[in-house]
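Q: Just a sequence and a predicted model for now, questions to come.
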Amino acid sequence: MIRAGERLLLWLMIAAVVAGFGAGYVGGEAMVSVKWLGDLFLTALKMLIVPLVVASVITGVAGLGDVRKLGRLGGISVAYYATTTFIAVSIGLLMANLWRPGVGVPLGDMQAPSRALGDVGITDLILSLVHPNIIAAAAEMKLLPIIVFCIAFAAALSMLGERGETVLRFFEGLNEAMMKMVGWIMWFAPIGVFALIASKLGEAGGGDAFFAQLAGLAKYALAVISGLLIHAAFLCSVLLFIARRSVAEYLGHLATALMTAFSTASSSATLPLTMEGVKMAGVPKPARRFVLPLGATINMDGTALYEAVAVLFIAQAMGIDLTFGQQMIVLVTATMAAIGAAGIPEAGLVTMVIVLEAVGLPLEGIGLILAIDWFLDRCRTTVNVYGDAVGAAVVGRLTGNNAGSEGSRD
């Protein structure tokens, strides 16, 4: 059941989203003045990410006792993420071929992307798992090497017996303190969400300018959003039939996290709220403390789906029909690129460069979608976060934990 505090916060978040769109539409550029409130909220969340990830992963892995159990937990987690990402890209390709959103789109003056990324191979992905200075990695918010370090550190702790228990108790206390701070920040979330949405709409030139941009790229936006909705429905079926959970109740616990994901466009910044939501939903500790930080780093279902649609849209606008083989290259490359995408706003634009280069399309094509990408970025991030949360429930179920028990809420 959803607690009274959660219910109140949910209604406040809904009101904040509606008010943000209304204020941005009416106030236009004047609403940029409230942007600092949104930045304050986002910064407060980011402040908790590194200590929360460190504490949750170490306590989650070391709490398993026998480190050999990590093989099953980690294997199921990675298999889930790879499978759902592959399905997401497939849905994106299907939507792009059905809608054909790029046909007839005028090229106009295309703007080159502000950032470029070179070729990324399997060796680059492997090298990204480690960092020569773990403190520097934390400062740079590089979560993947931090997670790898914490897994190894926790495995070592589990082998030290009583001496390891002393260190583990410190991290358990740190984790509880971080979750307490998350609870405090959650009550500032409605103000932050309002400011982020209103100011972003104001930066776009107000409601009229935004809707004009949306109308010009309507088929592209509909192809992306319809694909995201289909994938979200697929995730709901996974939650219902594999994790054996009520979709409505689970969404109720995650409402604050999902609205925050939409407003911030950052799955990493949303991680503290996602962990709080699945905790309230009764997802067992090993699953939520290991799966969610990993998912915020490598699981980008919405981003992968969007990249598939965007690449075909760019090709269609340029009068290029990608062959079946080329679309299979998009399928594999988008899946791999999504794993390397950072959980930050607009990270998908960077990783899309990899996919465009894989099929030989010009990078300037990204300029076609920049006008409304900030809005679609929020939609796909919401799906990313929901996919992480569903993954935690699925892994908790498949690893034999008694999800939903009172003990799992610790």
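A: Now that the structure is in, tell me what you want to look at.

Q: For the rest of this, base every contact and every neighbour count on C-alpha atoms.
A: Will do.

Q: Tell me where the stretch 201-350 of the chain has helices.
A: Along the stretch 201-350 of the chain, the stretches classed as helices by DSSP state H, counting those that start in this stretch are 206-216, 218-241, 247-264, 267-280, 285-298, 301-317, 324-339, 347-358.

Q: winner for burial among these?
A: Ranked by mean neighbour count, the helices of the stretch 201-350 of the chain are led by helix 301-317 with a mean of 29 (mean count of other Cα atoms under 10 Å).

Q: got the helices of the stretch 201-350 of the chain as JSON lines, with distance to R163 and mean pLDDT columns?
A: Listed next are the helices of the stretch 201-350 of the chain as JSON lines, based on distance: least, Cα to Cα, whole Å; pLDDT from 0 to 100:
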{"stretch": "helix 206-216", "distance to R163": "59", "mean pLDDT": "68"}
{"stretch": "helix 218-241", "distance to R163": "39", "mean pLDDT": "96"}
{"stretch": "helix 247-264", "distance to R163": "37", "mean pLDDT": "91"}
{"stretch": "helix 267-280", "distance to R163": "28", "mean pLDDT": "90"}
{"stretch": "helix 285-298", "distance to R163": "21", "mean pLDDT": "84"}
{"stretch": "helix 301-317", "distance to R163": "41", "mean pLDDT": "92"}
{"stretch": "helix 324-339", "distance to R163": "36", "mean pLDDT": "80"}
{"stretch": "helix 347-358", "distance to R163": "41", "mean pLDDT": "70"}
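
Q: Looking at this structure, which helix is longest?
A: Taking DSSP state H as the criterion, the chain has its longest helix at helix 69-99.

Q: in it, what counts as buried?
A: 70, 73-74, 76-78, 80-82, 84-96, 99 (16 or more other Cα atoms under 10 Å).

Q: just checking, what packs against that helix?
A: Applying 3 or more Cα pairs under 8 Å, 6 or more residues apart in numbering; DSSP states H and E, we find helix 69-99 packed against helix 218-241, helix 285-298, helix 301-317, helix 324-339, helix 370-398.

Q: And those helices: which comes nearest I146?
A: Nearest of the helices and strands packed on helix 69-99 to I146, taken as Cα to Cα: helix 285-298 at 10.1 Å.

Q: Determine how far the closest one lies from the middle of the whole chain.
A: Counting by Cα atoms, centre = their mean, to the nearest Å, helix 285-298 is centred 12 Å from the centre of its parent chain.

Q: do the same with stretch 284-299
A: In terms of Cα atoms, centre = their mean, the centre of stretch 284-299 is set 12 Å apart from its chain centre.

Q: Distance to V103 for the helices and strands packed on helix 69-99 - can I get that in JSON lines?
A: Formatted as JSON lines, the helices and strands packed on helix 69-99 follow (distance: least, Cα to Cα, whole Å):
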{"stretch": "helix 218-241", "distance to V103": "10"}
{"stretch": "helix 285-298", "distance to V103": "33"}
{"stretch": "helix 301-317", "distance to V103": "5"}
{"stretch": "helix 324-339", "distance to V103": "17"}
{"stretch": "helix 370-398", "distance to V103": "18"}
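
Q: Which of these sits closest to E162?
A: With respect to E162, and counting by Cα to Cα, the nearest of the helices and strands packed on helix 69-99 is helix 285-298 at 20.4 Å.

Q: what ranges of the stretch 1-150 of the chain fall below the confidence cut-off?
A: The stretch 1-150 of the chain contains residues with pLDDT under 70 at 1-6, 63-70, 106-122, 124-125.

Q: The closest residue to V385 other than its chain neighbours and L127: what is the separation?
A: Excluding its sequence neighbours, the residue lying closest to V385 (Cα to Cα, 6 or more residues apart in numbering) is S267, at 5.9 Å. For S267, the distance to L127 equals 23 Å [Cα to Cα, to the nearest Å].

Q: again, but for L376
A: 31 Å.

Q: same thing with W374?
A: For W374, the distance to L127 - Cα to Cα - is 30 Å.

Q: what sits up against stretch 259-268?
A: Under the criterion Cα atoms under 8 Å, 6 or more residues apart in numbering, residues 13-14, 17, 42, 46, 49, 189, 193, 196-197, 269-270, 296-297, 343-346, 377-379, 381-382, 384-385 lie in contact with stretch 259-268.

Q: Alpha carbons only: can I get that stretch in CSV?
A: Provided in CSV are the C-alpha atoms of stretch 259-268 (Å, rounded to 0.1, in the frame of the first residue of the first chain):
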residue,chain,number,x,y,z
MET,A,259,8.4,12.5,-12.4
THR,A,260,11.9,13.5,-11.2
ALA,A,261,13.4,11.6,-14.1
PHE,A,262,11.1,13.5,-16.5
SER,A,263,12.0,16.9,-15.0
THR,A,264,15.8,16.3,-14.7
ALA,A,265,16.4,14.1,-17.8
SER,A,266,19.1,12.3,-15.7
SER,A,267,18.8,8.7,-14.5
SER,A,268,21.9,9.1,-12.3
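
Q: Now for the most far-flung residue of the chain relative to its centre: which residues touch it?
A: Using Cα atoms, centre = their mean, the residue of the chain lying farthest from its centre is E162. It sits 37.4 Å away. Under the criterion of Cα under 8 Å, 6+ apart, the contact list for E162 is empty.

Q: again, but for Q327
A: Listed by Cα under 8 Å, 6+ apart, the contact set of Q327 reads L93.

Q: What separation is there between the residue nearest to V385 and N175?
A: Going from S267 to N175 by Cα to Cα gives 19 Å.

Q: With G60 instead?
A: Distance, G60 to N175, by Cα to Cα: 10 Å.

Q: Check E249 too.
A: Taking Cα to Cα, one finds E249 at 25 Å from N175.

Q: With R380 instead?
A: Per Cα to Cα, R380 is found 29 Å from N175.

Q: More neighbours: these two, which one.
A: When R380 and N175 are compared for neighbours, R380 comes out ahead with 29 against 22, by other Cα atoms under 10 Å.

Q: Which residues does stretch 308-317 contact?
A: With Cα under 8 Å, 6+ apart as the test, stretch 308-317 has contacts from 89, 92-93, 95-97, 100-107, 220, 223-224, 321-322, 330-331, 334, 352, 355-356, 361, 365-366, 368-369.

Q: The same query, at a cut-off of 6 Å, please.
A: Stretch 308-317 has contacts (Cα atoms under 6 Å, 6 or more residues apart in numbering) with 89, 92-93, 96, 101-103, 105, 365.

Q: these two touch, right, V57 and R289?
A: Yes: the pair V57 / R289 is scored as a contact, 5.4 Å apart, by Cα atoms under 6 Å.
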